[in-house]
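Asker: starting from these lines, generate the structure:
(2 chains)
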Amino acid sequence: MVATACLPLARSIRNEAAHNASCNGSAMSAASHDLDVAVVGAGPAGMAAALRLSQAHLRLAVFDEQPRLGGQLLRQPPHGFKVPTWLAGRAYRQHKQRLAQAESASGIEWRLGTSVWGVFPHRSGAGFDIHFIEGDQSRVVSTQRLLVAAGCYEMPVPMPGWTLPGVMTAGAMQTLLKSQGLVAGQRIVLSGSHPLQLILADQLLDAGLHVERVLFSQPWHRVIEALRSPRTLLESAHPLLEVARILLRLKRAGVRVLFSQCIRRINGESGVEGVEISRVVQGVASAETLEILTCDAVALCYGFLPSSELARQAGASASPCPGGGWKADHDGAGRTVKVDLYVAGETGGVKGGDAAAVEGALVASSILADIGIQASSSPGVTDLIRQMEKRRRFAALLEDVSQMGDAFFSSLLEDRTLICRCEDVSWGEIQAARNIHPTADTVSAVKLLTRAGMGLCQGRHCEHSLRRLLCRSRTEAPNSESAYTVRVPIRPVAIELLCNTNQAVAHDAFELERSIGSISSPSNKEPHERQL
Amino acid sequence: MRAFQREVVVIGAGLVGAATAFELARRRMPVLVLDCDEVNAGASGRNAGSLHFQLEPRMSDTLRDHPERLAQLLPVSLRAIKDWRNLENEIGDVGYARSGGMLIGETTADEALLHRKVELENRHDLRTELMSGEALAKAAPYLSSSVKVASYCLEEGHADPLRVTPAYVKAGRALGAEYWLRTRVLRIVQTEFGFNIQVGRDALGQGEKSSTVSYIQASRVVIACGAWSKSLVEQLGVQLDIRPVALTMSVTERTAPLVPHLVQHMGRKLSLKQTESGNLLIGGGWPASLRWSGKTKELDGADTVSESLIGNLRVARDAVPTISSLRLLRSWTGIASDTPDHLPVCGPVPGVSQAYVVGASSSFTLGPTLSKALSEIILDGESALNVQHCDPSRIVIH
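Answerer: Next up is the predicted model:
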C-alpha cells in the first residue's frame, strides 16, 4: 500500500504551485488517511475521473448507490438479468466504451451498492471521513481528497394530479425500460419542455408501446431561433440529426408532437385515467382546457436539477441554477471553496452526460495537479478545456430551448395542489402562512412555518418550486437567497444501520464531552476555504 | 440615517424574547422586538420541544454537590407546569401535549441519582415517582429490558418548537408589540435617557447588502438572545458566564403511535418523544461542534459530530429497541446556552440601570414563566414568583 500521496514518480514533475498546495497541511498527514481520493458517483463523470486517476497509482475508491457502474445515463440491468436491446442508440456508443474500460480497469476500488450518508472533517484537520452504508452497517473511510460527481435528478413539477400513481418523470420511465425492460403503462402522454422526451418517445416505440401525444410547452419558433447561428448548427449536428430522425419516426407512427401545449391537470381516482391539455400563451398555461385525452401513464420532462446535496454538506458553496436547484460552485476545473473537495458533472451544473464525462477527466487532472503528479497545463488538459467549452455552449443551447419561466410553473398550480408531497403541504397553505408572516420570504423560513421540506425527500421535490414561487413575490436578487440547509443523512437511513458502525463511539454524552473537550473553543477551528 | 424612539426594546425574537414582549404588551407597555434573523430562527425553533420539569441529567453534578441550589429551581418548575397548561388559552395552539415523562436509568449509579432526585423533588412538591420491574414494564412497554428504573412525572410532555414562538409573536402583535426582523444590533450605548441602540436593518426584499443603519432610543432594554446574550451584555460593560452549548437533534420518519411519553436518560443523555405527526425526535444534549467565523470569531453555527449523532442514536435504540427499523430523516444542530450552575438567568444586568437579561438555560420549558417574571420585575420592581436564584449577578465574571 502506498503510504503517502506524493509518490517518488511524481516528485520530479511536481510544479511549485502544487507543491505549495499539498504542503498546506494535507500531504503531511497523508499516512493517516485510508484513501488518496474518494469519488462519489459512478456515472459518466465519476467513471471518467476514476479512469484518469487510476493511471497515477493512487489509493482510489469510487462509491455508488447502484449495484453496477454507469449512473442513470447508462443504467445497467441487475446482475444476471439481460435487456437485449440495452442502449442500442448511437448516442450511447462512446459512453458504453468508457463503461467497458472502467469495468476492467485496475487500481480502482469500486464500492458499489453503497450509500454515502455524510462527510465530516477528518480529525487531522485535512481531508474527510466518508460515512456510508454498505450491507447492513455504516462504515467510515478517511480520504485525503473527495470528488463528488453525484449527477442530477429530474425536476418534479407540481400540478393538479401530479402525485397520482402513473405520473412519473421521463427519466424514471426510461430507467424502467433500460434496466429491466419494464413498461410504465399502455397509453402514455409525454409533456414537458426538454428534448429528452423525444428520446423517451423513441425508446417507448422500440418497446412497442403506444405514445398518445408528445407536448412541448414552448413555442416552435423558440427552438428555431435558438438554432439560427451556423456555429450552433455545426456543433450540434449530431444531436439535431437524431432529433430529426425521431420526429420523422414519430410522424410515421402517427404520434402527434405539438408545441405551445402542456398537460394542465392529470385526472384519476387511484391512478392516471386521463389528462387535460391547455395551450401555453405567452409563457403561461391557459386555464381553458383544449382537449381531454385518455391515458394510463404520464411522463413529465421539464429539465434537471443538480444533485449537489452531498457536496454542499461537505462544505461546497452553491449558486441557484436558472432552471431550478443549486449547483455546487467550482473554479471551472472542479475545485470548490472547500480545500480538497472537488465536484464534476451535473453536481456543478447540469450540462448533459457527454459534458459530464469530459469534465470528470478534467477534474481528475486538477486533482493530479494539486497532488503534484501532473502539471495543470499538460496538453491533454488544454484539449479537455476546449472540449468542455464546446459542451458548455451546447448545454446553454439546450437551456435556451427548454427552460420555462417561473410564470409558467405558477400557472399550473391551484390552491389545493401539493407543493410538498411528503408532508402534504399545499400551495394554499403556503400562501396563507406567507400572509401571516410577510417577512418569511426564504425557503427555510417558509419551511419552519409550514413543514414543507421536512419529510422523507428533505426538500428535493419542493424546494425548487417553493423558491420559484417566493422569487415571484419579491424583488430580491436570486443570489441573495438561501437554500434549505443540507444535513446528514443525505438519504434516509435506518437507525439500526447507523448504530451498527465500525466507528468508535462514546457510550454516553458525558464521556464524549470529556474526550472532545476542546469542541467549543473558538481557536480550534480554522475554516479550510479558498476563494474561487 | 433615521432615529426612532421606543419605551422597551427586546433583543431576540426567540421564545423568551417573544414571550417577554407579549407579557409587556399585555400590560400596555409599548415594546419593539429586534432580531438579526427571522422569528424563532435560533435555539427556540431548533430544540426538540421537551417540557421536562424533573431535574435534568445535565444537572447531576449540581445534584451531587449543591442540591439546595437545585431545590430553588423547583418552585419555578412548578409554576412552569401551570403556565404551560394555560398557555394555549392565552396565545393559541402551540402543540402542547401533557403526556408524562420517564427519566430512565440502566445502571446502579443511575438508580442512586434517580433516588436522590425524586427525594429532593418530592420534598419540594414536584410529584415524581420511581418505577421499576413489572410496574415500569406495564406503564412503558416500549422500554428495553435493560432499563432498570425510571422516575415518572405526569406533568411532562412536549410542545411544538415551530409553533410556540410564532404563537407568542402573533398574540404580541395583536396587542401592539412591534417586530423588526433581519435587524442586527450593531451597538448599544447607555445614555442619560436610557439606551441608544444602533441597528443595521435589511431593507425588506433588498437582500443583505443594502442594510440601512438606524438609531433607536429606548428607555429600557431586555436582552433575550440565548447564547448570544453574552456578547450583547458585554456591550454594556458586563461579563456574564453564559456558555454556548452546541447540541445535536435528530428526527425519524413518521410512524404509528409508539412512545407516548417523553423519555430521558439519567446517565447517558437522551430525550426521545413522538410528535403529533408521528415523527420521533431524538436529542438530549449530545454535543455538536461550534463554528466561529470572521476575524472577530463570532459564534456562527454548529456542525454535526458523527460520534455524537451515532452515540445519541445508540442510547435511543438501547432504551427503545423498536425504533431501530425506523429511518432517520435529518439530524441538525442548535446553539443553546448554559450557566455554571445550570440555572437560568432572569433579572437586571448588574450595575446597568434599566437593562435586563433573561434565558440562558432551560429556556424552552421555563421560558413562559421566566418571561412573565421578568415583565413583572420591569413593571413592578419585583416578580410574584421568587426568581432570586436566577439573578444574573451570580454569574458575573469579574
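
Asker: mind listing what residue B:353 touches?
Answerer: Under the criterion of Cβ atoms under 8 Å, 6 or more residues apart in numbering or on different chains, residue B:353 has no neighbours. Just so you know, the C-beta spots here come from the backbone N, C-alpha and C atoms, and that holds for glycine as well.

Asker: tell me the phi and psi of it?
Answerer: Here is the backbone geometry of residue B:353 (degrees, to the nearest 10): phi -60, psi 140.

Asker: do you know the pLDDT at the nearest residue to residue A:422 once chain neighbours are set aside?
Answerer: Residue nearest to residue A:422 in three dimensions, not counting chain neighbours: residue A:455, with 2.3 Å by Cβ to Cβ, 6 or more residues apart in numbering or on different chains. For residue A:455, the pLDDT comes out at 94.

Asker: cool, and residue A:514?
Answerer: Value for residue A:514, per-residue pLDDT: 79.

Asker: try residue A:88
Answerer: So, for residue A:88, pLDDT stands at 80.

Asker: what sits against it?
Answerer: With contact set as Cβ under 8 Å, 6+ apart, residue A:88 has these partners: residue A:206.

Asker: residues in contact with residue B:139?
Answerer: B:102, B:131, B:152 are the contacts of residue B:139 under Cβ under 8 Å, 6+ apart.

Asker: hmm, back to that, you'd agree the residue nearest to residue A:422 is up against residue A:419?
Answerer: No. The pair residue A:455 / residue A:419 is not scored as a contact, 11.6 Å apart, by Cβ atoms under 8 Å.

Asker: in stretch A:495-508, what's buried?
Answerer: A:495, A:496, A:497, A:498, A:499, A:500, A:501, A:505, A:506, A:508 (16 or more other Cβ atoms under 10 Å in any protein chain shown).

Asker: shouldn't the fourth one be within a strand?
Answerer: Pointing back at residue A:498 there. No. Checked against DSSP: H, G, I helix; E, B strand; the rest coil, residue A:498 lies outside a strand; its state is helix.

Asker: which residues are in contact with it?
Answerer: A:117, A:138, A:489, B:309, B:310, B:313, B:328.

Asker: among those, which two are most distant?
Answerer: Across the contacts of residue A:498, the longest distance by Cβ to Cβ is 12.2 Å; it joins A:117 and B:313.

Asker: of those two, give the one with the bigger neighbour count.
Answerer: residue B:313 (27 against 23; other Cβ atoms under 10 Å in any protein chain shown).

Asker: helix, strand, or coil at that one?
Answerer: Following three-state DSSP, we place residue B:313 in the helix state.

Asker: which residues are in contact with it?
Answerer: Listed by Cβ under 8 Å, 6+ apart, the contact partners of residue B:313 are A:495, A:498, A:499, B:250, B:282, B:328.

Asker: among these, which one lies nearest to residue A:167?
Answerer: residue B:328 (28.4 Å).

Asker: wait, is residue A:141 part of a helix?
Answerer: No. Counting by three-state DSSP, residue A:141 is not part of a helix but strand.

Asker: show me the strands in the stretch 201-350 of chain A, by range?
Answerer: All strands of the stretch 201-350 of chain A, identified by DSSP state E, counting those that start in this stretch, fall at A:210-216, A:256-258, A:261-267, A:274-281, A:284-285, A:291-294, A:297-301, A:304-306, A:318-320, A:326-328, A:341-343.

Asker: ok, and for the last one, which residues are buried?
Answerer: Think strand A:341-343. Across strand A:341-343, burial judged by 16+ other Cβ under 10 Å covers A:341, A:342, A:343.

Asker: now render the residues you listed as TSV, adding pLDDT and distance to residue A:227.
Answerer: Below are these laid out as TSV (pLDDT from 0 to 100; distance: Cβ to Cβ, whole Å):
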residue	pLDDT	distance to residue A:227
A:341	98	38
A:342	98	34
A:343	98	30
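
Asker: pick out the residue in the stretch 1-150 of chain A sitting closest to chain B.
Answerer: residue A:120 (5.0 Å; Cβ to the nearest Cβ).

Asker: which phi and psi values does that residue adopt?
Answerer: According to degrees, to the nearest 10, residue A:120 has phi -130, psi 150.

Asker: up against chain A, what does the stretch 51-200 of chain B have?
Answerer: Taking Cβ under 8 Å from any Cβ of the partner chain as the measure of proximity, the stretch 51-200 of chain B contacts chain A at B:162, B:166, B:170, B:181, B:182.

Asker: and if we set it to 6 Å?
Answerer: Within the stretch 51-200 of chain B, the positions near chain A by Cβ under 6 Å from any Cβ of the partner chain are B:162, B:181.

Asker: hey, what's residue 263 bridged with?
Answerer: If you meant another chain, say so; for now it's chain A. Residue A:263 has these beta-bridge partners by DSSP bridges: residue A:277.

Asker: hmm, no, I was thinking of chain B.
Answerer: Beta-bridge partners, per DSSP bridges, of residue B:263: residue B:102, residue B:272.

Asker: that one and residue B:128, how far apart?
Answerer: Noted for residue B:263: a distance of 14 Å to residue B:128, by Cβ to Cβ, to the nearest Å.

Asker: comparing those two, which residue is more hemmed in?
Answerer: Ranked by neighbour count (other Cβ under 10 Å), residue B:263 and residue B:128 place residue B:263 first, with 28 against 24.

Asker: you'd agree the more buried one is up against residue B:101?
Answerer: No. The pair residue B:263 and residue B:101 does not pass the contact test of Cβ atoms under 6 Å, sitting 7.4 Å apart.

Asker: average model confidence for stretch B:241-260?
Answerer: Average pLDDT, stretch B:241-260: 96.

Asker: in it, which residues are buried?
Answerer: B:241-255, B:259-260.

Asker: in strands only, show me those residues.
Answerer: B:243, B:244, B:245, B:246, B:247, B:248, B:249, B:250, B:251, B:252, B:253, B:254 (DSSP state E).
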